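Visitor: What follows is a predicted protein model with its sequence.
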Amino acid sequence: MQPRETGGTFNFGKDAVNTRVRYFELTVWPHMRAAYNLARWLVRNEQDAEDVVQESFLKAYKAQESFRGTESKTWVLSIVRNTAIDFLRRLGTTAPVSLDEHPYEPEDRAPNPERILVERSRREQVRHAISQLAPEFREVIVLREIESLSYKEIAHALGIPMGTVMSRLSRARSLLLLELDSAKEVQHDLP
Amino acid sequence: MTCREAGPLLHARLDNELDMAGAAGIDLHLSECRACAAQYAALENLHEEIIAADLAYAPGPALERKLASRFIKSKKPRFTFFMATAAAAACAVVALVAISGRTDALDTEILDNHLRSLQPMHQVDVPSSDRHTVKPWFQGKLNFSPPVPDLSKDNFILIGGRLEVVNRQPAAAIVYRRRQHIVSLYVSPSQGPDSKTGLHEMDGYRVVHWRKNNESYWAVSDVDANDLRAFAELIRNRY
């Protein structure tokens, strides 16, 4: 039943809202988990990740007209990614890292007592190693290894060329191998 | 192929980003070069370790509720909402078909249904990871008996089932989870010869359809194409 009181103008406004809700349901909502996961990995804490997702969804809700209807997942992820980077920039916790600099100095390799005391499970070691990567490497690892995106999709989500996706992924994996091998060695040294 | 040429391609090989000729070239090099083979094994091992660690963060139910009430709940009453958006839905269908070209309307209906099910509280009518709970639940509700295989060994975890209508026919939707991805399997009676699996891609999602023993099957998800094909073949080979 159509509500009776819907006059011309009001009805039009309501249709517009409903169309937007429908668009949101089909285009944005299905990517909520992926959006949260990316935000959580980028800002590295729960509360901030929730804020980033809410802000991103509001942007996506308003930006309906700018979505051209091909790749909704990468479109949503690109909004989340940019919102997260802006958020970190506001906090001043991230300095832009150039590929020429050494983006990440692995922790002191010497088996210091503190490190030995922190006997992490392998899963935590992997999680820790990824979380310590510079954001530009962390995001390609998260999108490729955790979200299973293709190179093309990653390029779209991050707004970078495919070649850059490949070089960052290769660099990121080398850094992870280096860090995780040393983590393994530290564990071997344990009594 | 030299090691210098092979180096960057090891990643593309690992990530299934090479065409057949490219993959064959790398495989040949790997069979001849120990150093590259060791490097490839290390990358493969890292890839598997990250996947095994299951590192996706899941949003809490509070966030899900907050987002749903802010962006989705305004759609009531449902009937009005349906009327108001029928035109929009028709446009969306046309757009999807226009983009993919080969996609038929039924695949779009399946994908739409799957997407709607991802909203909170819509996923399953019978939430259970036990096939002995889910399968009997369909009895008496459908005039056929849908398969509810246990695929946990293959890392597809049963979440539950629900009733659906596909192509104006009653259908069973059986829902699985693979890591953080939801995979819906739709089963509905349909007369016709058996067919092989066919894959359609739409908007980052994949739909695999096949027919066997007068039942139509659709598997839909955003998992990668190989995983969804593997899922479809597991079921097709069993039933």
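Guide: All right, it came through fine.

Visitor: contacts, neighbours, all on C-alpha from now
Guide: OK.

Visitor: Break the chain down into its structural domains.
Guide: All of this refers to chain A. For chain A, automatic domain parsing gives the domain ranges A:12-94, A:97-191.

Visitor: nope, chain B
Guide: Split by automatic domain parsing, chain B gives B:3-53, B:61-238.

Visitor: could the ones you listed go into JSON lines alongside distance to A:F67?
Guide: As requested, these are exported to JSON lines (distance: least, C-alpha to C-alpha, whole Å):
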{"stretch": "domain B:3-53", "distance to A:F67": "27"}
{"stretch": "domain B:61-238", "distance to A:F67": "12"}
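
Visitor: Need the residues that contact stretch A:42-51.
Guide: A:36, A:39-40, A:81, A:84-85, A:88, A:131, A:135, A:138-139, B:59, B:63 (C-alpha atoms under 8 Å, 6 or more residues apart in numbering or on different chains).

Visitor: most surrounded residue in these?
Guide: Using other C-alpha atoms under 10 Å in any protein chain shown as the neighbour criterion, A:A39 leads the contacts of stretch A:42-51 with 29 neighbours.

Visitor: helix or strand right after the helix or strand bottoming out on mean pLDDT in chain B?
Guide: Using mean pLDDT, DSSP states H and E, the weakest-scoring helix or strand in chain B turns out to be helix B:78-100, at a mean of 46. For helix B:78-100, the succeeding helix or strand toward the C-terminus, using DSSP states H and E, is helix B:105-117.

Visitor: Please enumerate the strands of the chain.
Guide: Went with chain A since none was named. Taking DSSP state E to define them, one finds no strands in chain A.

Visitor: nope, chain B please
Guide: Under DSSP E, chain B gives strands at B:126-127, B:157-166, B:169-178, B:181-189, B:198-202, B:205-212, B:215-221.

Visitor: which other helices and strands contact the first one?
Guide: Helices and strands touching strand B:126-127, as assessed by 3 or more C-alpha pairs under 8 Å, 6 or more residues apart in numbering or on different chains; DSSP states H and E, comprise helix B:131-138, strand B:157-166.

Visitor: which other residues reach that strand?
Guide: B:134, B:137, B:159-162.

Visitor: Considering those residues, which possesses the most neighbours?
Guide: Going by other C-alpha under 10 Å, B:G161 tops the contacts of strand B:126-127 with 28 neighbours.

Visitor: Quick one: residues contacting the nearest residue to that one once chain neighbours are set aside.
Guide: Once flanking residues are discounted, B:G161 sits nearest to B:I174: 4.4 Å by C-alpha to C-alpha, 6 or more residues apart in numbering or on different chains. By C-alpha under 8 Å, 6+ apart, the contact list for B:I174 reads B:148, B:158-162, B:184-186.

Visitor: nearest to chain A, of those?
Guide: Of all the contacts of B:I174, B:S184 has the smallest distance to chain A: 13.3 Å, by C-alpha to the nearest C-alpha.

Visitor: B:L115 is in contact with that closest one, correct?
Guide: No. The criterion here is C-alpha atoms under 8 Å, and B:S184 misses it with B:L115 at 9.9 Å.

Visitor: neighbour-wise, which of those two wins?
Guide: Set B:S184 next to B:L115 and count neighbours by other C-alpha under 10 Å: B:S184 wins out with 27 against 22.

Visitor: what about the residue nearest to that one when sequence neighbours are not counted, how many residues close to it?
Guide: Once flanking residues are discounted, B:S184 sits nearest to B:V175: 4.6 Å by C-alpha to C-alpha, 6+ apart. If you count neighbours by other C-alpha under 10 Å, B:V175 ends up with 27.

Visitor: For B:V175, name its beta-bridge partners.
Guide: Beta-bridge pairing for B:V175 (DSSP bridges): B:G160, B:S184.

Visitor: Wait, it touches B:L163, no?
Guide: No. Applying C-alpha under 8 Å, one finds B:V175 not in contact with B:L163, separated by 11.1 Å.

Visitor: which stretches of chain A form helices?
Guide: According to DSSP state H, chain A carries its helices in the segments A:8-23, A:32-43, A:46-62, A:72-91, A:113-117, A:122-131, A:135-141, A:151-158, A:162-189.

Visitor: could you dump those to CSV with distance to B:D15?
Guide: Shown next, in CSV, are the helices of chain A (distance: least, C-alpha to C-alpha, whole Å):
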stretch, distance to B:D15
helix A:8-23, 32
helix A:32-43, 19
helix A:46-62, 28
helix A:72-91, 18
helix A:113-117, 33
helix A:122-131, 18
helix A:135-141, 12
helix A:151-158, 8
helix A:162-189, 10
